[in-house]
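Novice: predicted structure and sequence below. I'll ask about it afterward.
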Amino acid sequence: SNQCKMSSKTSEEPSTSTTLSSMSTSAALSQIRDTLVEVQEAIEKIEEVQGKSKSLQSLQPKPLDIEDLVALDRAHQHLLWLDVISRVLDKAKEWKKNYDLLVSCHGILVTIVSTLIETSCIHLRTYALKGLVYLRSTTLPTLETELESDLETLNYPKCVLGLEDEDLVKNQDFSNVKKFQKTYQILDALQLPAVILKQFELKNTDPALRVLRPLKKRFKYHFLGAKKTNNPIKPEWYLQQVGGWLKQSKRFFQAIIGPVDESGTSFDRFSRGLCQQVLEKLEQDVFANLEDDVTTSHMIDEILTYSQEFYNLTVDEDVLPLVVLLDSDIFKKWLSLERKFAFAKIDDIMLDDQSWTSSNSKLDISKCTETFVTLLQSITKRFKHLNTDCQLKFVDLQSELIEDMRLRFAQIVRLEQSFPLSEKYCLIMNSSQHLINVMNSWSGIPLYLQLELAKYGDDHFSGLFREVIDGFEFFVKDLTKNLGKFILNI
């Protein structure tokens with residue numbers, strides 16, 4: 001069609017004789033053909049450009065392209081992490097010249113491993129973890145040996161055994177102390193966080209437990225071997241010894257380790273390790289003598305006594321010696337012995353003639369009542385560091401003893417009822433009121449308030465001993481009524 005248009009246009013040109021005469025017919029036709037070819041090529045190029053333009057307008061990014069970019073970014077990040085880990089491990093090789101550098105490199109690896117725990121980068125995490133384990137395996141043995149050597153220069157454990165007149169904890173060479181503190185501080189800083197220990201089942205090298213090691217060896221030698229000091233019915237021998245070690249070691253930790261103990265828990269970890277050793281020995285000895293009431297009772301008394309001493313030294317409650325008494329079989333035996341000896345004690349005080357005389361501190365109550373209250377208080381003192389369930393069982397025993405005392409009073413009153421003005425009758429009436437007052441006052445003690453909350457919940461405010469108090473109040477009213485009738489009939 002274009003050719004037709006050009007032909008038409010050519011035919012329409014004015015046919016001047018000057019132009020046509022200057023060129024031959026063949027030359028004119030050749031020029032026309034060349035022009036037509038050029039026009040055709042131009043048209044084809046225009047159509048090609050238009051086609052590409054439409055193709056670009058319809059082009060959209062595909063998901064595959066984005067995933068490729070993400071994969072490339074991940075690979076880049078992966079390489080960066082690998083580079084960091086490699087450089088840290090290379091730098092850590094100089095740790096002997098700079099302990100602070102070791103702590104820094106160790107901290108970086110710990111951070112990397114901790115960060116990668118919840119990710120899918122398993123191989124990268126494994127590489128970082130292996131680097132961390134390698135770093136620890138090449139440094140910790142040397143540092144541990146150095147710590148032990150530093151301890152020897154400080155006369156440890158001799159300085160905490162309490163065998164010398166000289167205060168070896170206080171009289172230490174300053175340079176030796178500083179060297180030990182530096183080594184201890186580095187080892188303490190190289191401890192792994194709980195998340196890594198749990199995830200990969202690794203173990204820490206606790207410098208506080210390294211300090212404990214010599215004392216554990218002494219304990220095993222004296223109380224777990226063939227020595228005469230290993231006497232299963234004499235727990236006071238090793239409890240007293242360990243109590244002394246704890247007391248002296250606490251001074252050592254405060255004076256020597258305290259200035260570099262950033263966590264402030266070194267002595268707690270030390271005392272926990274030592275007390276766990278004691279608990280293993282106690283459990284073995286108590287079970288071996290559980291059938292002997294006298295020996296078991298003696299052992300329980302010693303355990304409770306030294307538990308209080310350990311508690312005063314800030315030993316954690318969950319490793320106090322009395323923890324061994326919470327074993328179900330041992331606790332059942334203990335509670336049975338408490339009941340047995342408590343009732344036996346009450347029998348003794350009720351049969352003693354002096355018990356029915358006026359108390360020295362309160363003239364209107366009997367001595368037996370004062371002794372009975374002391375018995376109840378001693379039971380409270382013995383169970384106050386136990387868990388709530390065990391404490392409530394002892395409260396039930398106290399309630400049982402109080403109710404038994406009321407019944408004993410009632411039995412004696414029947415014999416005195418013919419003459420209510422007798423000294424014993426009046427002592428019983430006043431003593432009963434005194435017990436009511438004591439039990440009411442106990443209801444406001446924090447220990448009993450907490451136990452009341454644990455047993456009854458938030459909506460109970462009458463006290464743990466409400467039932468036995470009600471029994472005594474009824475008893476006192478009956479005594480008062482009987483006394484009033486007798487007076488009116490005189």
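Specialist: Looks like it came in fine. Here the structure is a predicted model, which is why all the values come from computation and not from measurement.

Novice: list the contacts of residue 390.
Specialist: The contact partners of residue 390, by CB atoms under 8 Å, 6 or more residues apart in numbering, come to 326, 331, 383. In this view, the C-beta of every residue, glycine as well, is placed from N, C-alpha and C.

Novice: at 10 Å what do you get?
Specialist: Contacts were defined as CB atoms under 10 Å, 6 or more residues apart in numbering; by that measure residue 390 touches 322, 325-326, 331, 334-335, 383.

Novice: among those residues, which lie within strands?
Specialist: Within these, membership in strands is found for no residue, as judged by DSSP state E.

Novice: which among those end up buried?
Specialist: In these, burial by neighbour count holds for 322, 325, 331, 334-335, 383, counting by 16 or more other CB atoms under 10 Å.

Novice: ok, of those, which one's closest to residue 447?
Specialist: Checking those against residue 447 by CB to CB gives residue 383 as the nearest, at 9.3 Å.

Novice: for the closest one, give me its contacts.
Specialist: By CB under 10 Å, 6+ apart, the contact list for residue 383 reads 304, 322, 325, 334-335, 338, 390-395, 397-398, 447.

Novice: same check, this time on residue 141
Specialist: Listed by CB under 10 Å, 6+ apart, the contact set of residue 141 reads residue 205.

Novice: got it, and the one 4 residues further on?
Specialist: For residue 145, the set of contacting residues under the criterion of CB under 10 Å, 6+ apart consists of residue 183.

Novice: and it, what helix or strand is that in?
Specialist: Counting by DSSP states H and E, the element that carries residue 145 is helix 122-153.

Novice: about what we covered before: from the contacts of residue 390, pick the one nearest residue 277.
Specialist: Here the nearest of the contacts of residue 390 to residue 277, counting by CB to CB, is residue 322; it sits at 15.9 Å.

Novice: not counting its neighbours along the chain, what's nearest the closest one?
Specialist: Counting by CB to CB, 6 or more residues apart in numbering, the nearest residue to residue 322 once its immediate chain neighbours are dropped is residue 307, at 4.1 Å.

Novice: quick revisit: how far off centre is the helix or strand that the helix holding residue 145 is followed by?
Specialist: Under the assignment DSSP H and E, the closest C-terminal helix or strand after helix 122-153 is helix 174-189. Here helix 174-189 shows a centroid-to-chain-centroid distance of 27 Å under the convention CA atoms, centre = their mean, to the nearest Å.

Novice: what is the subsequent helix or strand relative to helix 174-189?
Specialist: Toward the C-terminal end, the helix or strand that comes next after helix 174-189 (DSSP H and E) is helix 194-200.

Novice: now for that following helix, which elements pack on it?
Specialist: In terms of contacts (3 or more CB pairs under 10 Å, 6 or more residues apart in numbering; DSSP states H and E), helix 194-200 is packed against helix 99-116, helix 122-153.

Novice: next, the buried residues of the next helix or strand after that helix.
Specialist: From helix 194-200 onward toward the C-terminus, using DSSP H and E, the following helix or strand is helix 207-223. Buried residues in helix 207-223, counted by 16+ other CB under 10 Å: 207-212, 214-215, 219, 223.

Novice: could you check the angle helix 122-153 makes with helix 207-223?
Specialist: 60 degrees (axes from the mean of the first three to the mean of the last three CA atoms, to 10 degrees).

Novice: send me helix 207-223 as PDB with only the CA atoms.
Specialist: Backbone C-alpha positions of helix 207-223 (Å, rounded to 0.1, in the frame of the first residue of the first chain) are rendered in PDB as follows:
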ATOM      1  CA  PRO A 207      36.100 -21.400  90.100                       C
ATOM      2  CA  ALA A 208      34.100 -21.500  93.400                       C
ATOM      3  CA  LEU A 209      33.900 -25.300  93.100                       C
ATOM      4  CA  ARG A 210      37.600 -25.500  92.400                       C
ATOM      5  CA  VAL A 211      38.200 -23.700  95.700                       C
ATOM      6  CA  LEU A 212      35.900 -26.300  97.300                       C
ATOM      7  CA  ARG A 213      37.800 -29.300  96.000                       C
ATOM      8  CA  PRO A 214      40.400 -29.500  98.700                       C
ATOM      9  CA  LEU A 215      37.700 -29.400 101.400                       C
ATOM     10  CA  LYS A 216      35.700 -32.100  99.700                       C
ATOM     11  CA  LYS A 217      38.800 -34.300  99.600                       C
ATOM     12  CA  ARG A 218      39.200 -33.800 103.400                       C
ATOM     13  CA  PHE A 219      35.500 -34.600 104.000                       C
ATOM     14  CA  LYS A 220      35.700 -37.900 102.100                       C
ATOM     15  CA  TYR A 221      39.000 -38.800 103.800                       C
ATOM     16  CA  HIS A 222      37.600 -38.300 107.400                       C
ATOM     17  CA  PHE A 223      33.900 -39.100 107.100                       C
END
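
Novice: tell me the phi and psi of the residue nearest to residue 322?
Specialist: Residue 307 has phi and psi values of phi -60, psi -40 when expressed as degrees, to the nearest 10.

Novice: what about it, distance to residue 286?
Specialist: Remark: distance between residue 307 and residue 286 (CB to CB, to the nearest Å) = 13 Å.

Novice: still on that earlier bit, how far does the helix holding residue 145 sit from its chain's centre?
Specialist: Chain-centre distance of helix 122-153: 25 Å, with CA atoms, centre = their mean.

Novice: with stretch 280-300 instead?
Specialist: Going by CA atoms, centre = their mean, the spacing between the C-alpha centre of stretch 280-300 and its chain's C-alpha centre is 30 Å.

Novice: next one: stretch 212-230
Specialist: Using CA atoms, centre = their mean, we find the averaged C-alpha position of stretch 212-230 to lie 29 Å away from the chain's own average C-alpha position.

Novice: what comes into contact with it?
Specialist: If you take CB under 10 Å, 6+ apart as the criterion, stretch 212-230 is touched by 144, 148, 151-152, 156-158, 160-161, 206, 209, 231-232, 234-235, 237-239, 241-242, 245-246, 249, 269-274, 276-278, 280-281, 284-285.

Novice: and what of stretch 471-482?
Specialist: Counting by CB under 10 Å, 6+ apart, stretch 471-482 makes contact with 402-403, 405-407, 409-410, 413, 416-417, 420, 425-426, 428-436, 439, 465, all of which sit outside it.

Novice: among those, name the ones in strands.
Specialist: When the contacts of stretch 471-482 are checked against strands using DSSP E, none is located there.
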